[in-house]
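> when you get a sec, could you give me coordinates for this:
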Amino acid sequence: MTRAPDGKPNGDMRGLIAPIGAIAVVGLGFSITLPLLALTLEDRGIPTTWIGINTAVWGIASMAVTPLISRLAVRLGTALLLILSMLTIAVALPLFYFSPFWLWFPLRLVAGATITIVFVLSEFWISTVAPPEKRGIIMGIYATVLSFGFALGPFILTLTGTQGFLPFAVGACVLVAGVLPVLTGLRSAPVLHHEQHGTFWRFLFLAPVATGAALLFGTIESGAFALLPLYGQHVGHARDVVILLGVGITVGNIVLQIPMGLLSDRMDRRKLLLILGLLGLAGAAVIPLVAAMFWPFMILLAIWGGTVGALYTVGLAHLSARFRGADLAAANAAFIFCYSAGGLAGPAIIGASMDHWDPHGFVVAICGFFLAYLAMVLVRMSRAKTVAGIS
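Residues are numbered from 1 along each chain as shown. A predicted model of the protein is given here:
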């Protein structure tokens, strides 16, 4: 295998095993960690409001560290920074179990920052190694593998239980295992010799169709998916049923990401993102018509969830086609920054909308997000056509 100099594609498909394998394992550890931490705090008698505030620290840390990631990768190297970040998360997880609640805040900052570094660098590595003509389908494979990792986390918790030290120890071991794929692929790791051109903040706006897709996906994933069980209860489903609604979304994510990635290799990704936005809007608008019927609702959630998930997959592929080297690392960081910003805003906006228009304020807020994104994409594409016509 050859080493990829300064983030240029090296054409070695074997180099994809390292970052995809690492992110799959870390995704599994992440899906164990998030519910475990929330349930542990609840068992300790911490009020729900404070659990939410503590969880939000994770997103704040993510947004704070993203402007620094490409600079750190230049100084430490992509592979070394990735390994150090995974080991840091693995060490931090057991500390939550032994720490008083006030110490959970700095621990959340550390965990949020390091998990963000892992996602940014893994996606940068994948974008660098992937051949341009197969970038979309490779991003689809990445998203599918990540979805499998997320789906396995709750299953592991059913085996370990959510009380005592055992689930924390298992989660830490899983995170340490994520280092192994990176070690096997060290020679394929992209090397950055210089920092990006210009400041990090400019990358938020250089490819707004892509970063806007990340913002939209983050808003919906954290807000809509998190509040979906509450919406299910509000439209008449029993508590033991609403827990299953997320399964429909997970299945859709697993099934649709590779086909969507393959499609993105065969058409203008901006047009595909526009189509995904329209489908997402249409799917959300149909939700009130079927929400009270379990199986029609589950089928719609699978199709809609896979479509929403493709916003991230196609948006990332579109972004990686625009930049390379340190600029690509910074653009990936901007992409994750927008995703994290959406994750902070989504729950608050959708929750407030549900309070104002019960029960279908859930749908009103989501439709509003899609309409805002579609308006931005249409304006952006219109301006691109105008510039092309003048030139």
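> going forward, measure contacts and count neighbours with C-alpha atoms only.
OK.
> give me the nearest residue to Thr211, chain neighbours excluded.
Phe335 (5.1 Å; C-alpha to C-alpha, 6 or more residues apart in numbering).
> an error on my part: the question was meant for Ser62.
Ala113 (5.0 Å).
> check which helix or strand the one you found maps to.
According to DSSP states H and E, Ala113 maps onto helix 101-129.
> tell me the helix or strand right after that helix.
Sequence order places helix 135-160 as the next helix or strand after helix 101-129, per DSSP H and E.
> could you list every helix and strand that that following helix packs against?
Here helix 135-160 touches helix 17-43, helix 101-129, helix 166-177, helix 245-264, helix 294-322, going by 3 or more C-alpha pairs under 8 Å, 6 or more residues apart in numbering; DSSP states H and E.
> got those helices as JSON lines, with mean neighbour count, mean pLDDT and distance to Leu82 columns?
Formatted as JSON lines, those follow (neighbours: other C-alpha atoms under 10 Å; pLDDT from 0 to 100; distance: least, C-alpha to C-alpha, whole Å):
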{"stretch": "helix 17-43", "mean neighbour count": "21", "mean pLDDT": "81", "distance to Leu82": "9"}
{"stretch": "helix 101-129", "mean neighbour count": "23", "mean pLDDT": "89", "distance to Leu82": "6"}
{"stretch": "helix 166-177", "mean neighbour count": "21", "mean pLDDT": "90", "distance to Leu82": "12"}
{"stretch": "helix 245-264", "mean neighbour count": "22", "mean pLDDT": "86", "distance to Leu82": "25"}
{"stretch": "helix 294-322", "mean neighbour count": "23", "mean pLDDT": "90", "distance to Leu82": "19"}
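> quick one: the helix holding Ala113 to chain centroid distance?
Centroid separation for helix 101-129 versus its chain: 11 Å, with C-alpha atoms, centre = their mean, to the nearest Å.
> what does stretch 335-349 give?
10 Å.
> then stretch 247-267?
15 Å.
> tell me the domain boundaries of the protein?
Domain segmentation of the chain under automatic domain parsing yields 13-195, 202-390.
> still on that earlier bit, ok and the helix holding Ala113 relative to helix 17-43, angle-wise?
For helix 101-129 against helix 17-43, the angle between stretch directions is 160 degrees (axes from the mean of the first three to the mean of the last three C-alpha atoms, to 10 degrees).
> what helices and strands are in contact with helix 101-129?
helix 17-43, helix 48-65, helix 78-98, helix 135-160, helix 294-322, helix 325-356.
> where in the protein is pLDDT low?
1-14, 48, 52, 193-200, 225-226, 239-240, 243, 384-391 (pLDDT under 70).
> Leu81 contacts Val74, doesn't it?
No - assessed by C-alpha atoms under 8 Å, Leu81 is found out of contact with Val74, at 9.6 Å.
> ok so, going back, tell me what angle the helix holding Ala113 forms with helix 135-160.
150 degrees.
> okay, the angle between helix 101-129 and helix 325-356?
Using the same axes, to 10 degrees: helix 101-129 against helix 325-356 is 130 degrees.
> so the residue nearest to Thr211 makes contact with Ala207?
No - assessed by C-alpha under 8 Å, Phe335 is found out of contact with Ala207, at 9.5 Å.
> more crowded one of the two?
Phe335 (28 against 19; other C-alpha atoms under 10 Å).
> who's in contact with the more buried one?
Going by C-alpha atoms under 8 Å, 6 or more residues apart in numbering, Phe335 touches Leu204, Ala210, Thr211, Ala214, Leu215, Leu316.
> just give me the neighbour total for the nearest residue to Pro229 once chain neighbours are set aside.
The shortest distance from Pro229 to any non-neighbouring residue, by C-alpha to C-alpha, 6+ apart, is to Val242 (4.9 Å). Val242: 18 surrounding residues under other C-alpha under 10 Å.
> ok, now Ala375?
Neighbour count for Ala375, taken as other C-alpha under 10 Å: 11.
> next: Arg202.
13.
> from Ala143, how far out is it?
26 Å (C-alpha to C-alpha, to the nearest Å).
> could you do Trp104 as well?
Computed as C-alpha to C-alpha, the Trp104 to Ala143 distance reads 30 Å.
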